[in-house]
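*Asks:* Predicted coordinates and the sequence they were generated for:
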Amino acid sequence: MDLKTLIAAGAIPRIGTGFDVHALTEGRKLILCGIEIPHTHGLSGHSDADVAIHALCDAIYGALAEGDIGRHFPPSEATWKNADSAHFLRHAAQLVASKGAAITNADITIICEHPKITPHAQTMRTRLADLLEIPITRISVKATTTEKLGFPGRNEGIAAQATVCVLVPAE
Ligand SMILES: Nc1ccn([C@@H]2O[C@H](COP(=O)(O)O)[C@@H](O)[C@H]2O)c(=O)n1
Ligand SMILES: C[C@@]1(CO)OP(=O)(O)OP(=O)(O)OC[C@H]1O
């Protein structure tokens, strides 16, 4: 559903937020926002551990009051072992579409010391836009350090937070 049609029909904006953390470990690929980033370490997890996509999924599920990623894809299920997190994001996008709703925009912040995210931000936005089937102009990917403080500062893990606005048809 396009945004102008939804707005004209009196759709309601609903905000969702998501947050996730995964530990950095040797011997895994680093996947962030659906793309592989060259790095000395990857993220550990049941799936491919794409911390940014997980935060984004939770933001979408939150906006729809549809629980969280673990409810839809339980870590106890072997099916999701090493799963491509793109699958989770497509599922969240399909849930939005099934309600006749649409994502107006998503804003993601990746929190780590290394690797530097800015050189990859445009490719990440392109990949997320592709998965969500919305224009890239509606997706923001940012990064920050924690000034060498805490687990991101010690390069022990990466955190991500996401905020999403979804236009939902009026009840
Ligand atoms: N992993 C990161 C962290 C930060 N950046 C970029 O550096 C800027 C400054 O970060 P501070 O934490 O020192 O404020 C930040 O605004 C990002 O542009 C990055 O690319 N990758
Ligand atoms: C993505 C899922 C899939 O089993 O597992 P993880 O990759 O461990 O990721 P996390 O964010 O810890 O938990 C959510 C799970 O749904």
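*Replies:* Yes, it's here. Ligands and ions are numbered 1, 2, ... in the order given.
*Asks:* tell me the secondary structure for H114?
*Replies:* At H114 the chain is in coil, as set by DSSP: H, G, I helix; E, B strand; the rest coil.
*Asks:* Same check on A93?
*Replies:* Recorded secondary structure, A93: helix (three-state DSSP).
*Asks:* Now do the contacts for the closest residue in space to it that isn't next to it in sequence.
*Replies:* Nearest residue to A93, sequence neighbours excluded (C-beta to C-beta, 6 or more residues apart in numbering): L132, at 4.9 Å. Where C-beta positions appear, they are placed from N, C-alpha and C, glycine not excepted. Contacts for L132 (C-beta atoms under 8 Å, 6 or more residues apart in numbering) come out as 89, 93, 103, 106, 139.
*Asks:* Just the ones of these in strands?
*Replies:* Of the contacts of L132, the ones assigned to strands by DSSP state E are 103, 106, 139.
*Asks:* Grab the longest strand from this structure for me.
*Replies:* Scanning the chain for the longest strand, with DSSP E as the assignment, gives strand 12-25.
*Asks:* what residues does the protein put near ligand 1?
*Replies:* Contact residues (C-beta under 6 Å from any ligand atom) of the chain with ligand 1: 112, 116-118, 143-145.
*Asks:* Separate out the buried members of the residues you listed.
*Replies:* Neighbour-count burial (16 or more other C-beta atoms under 10 Å) is assigned, among the residues of the chain next to ligand 1, to 112, 117, 143.
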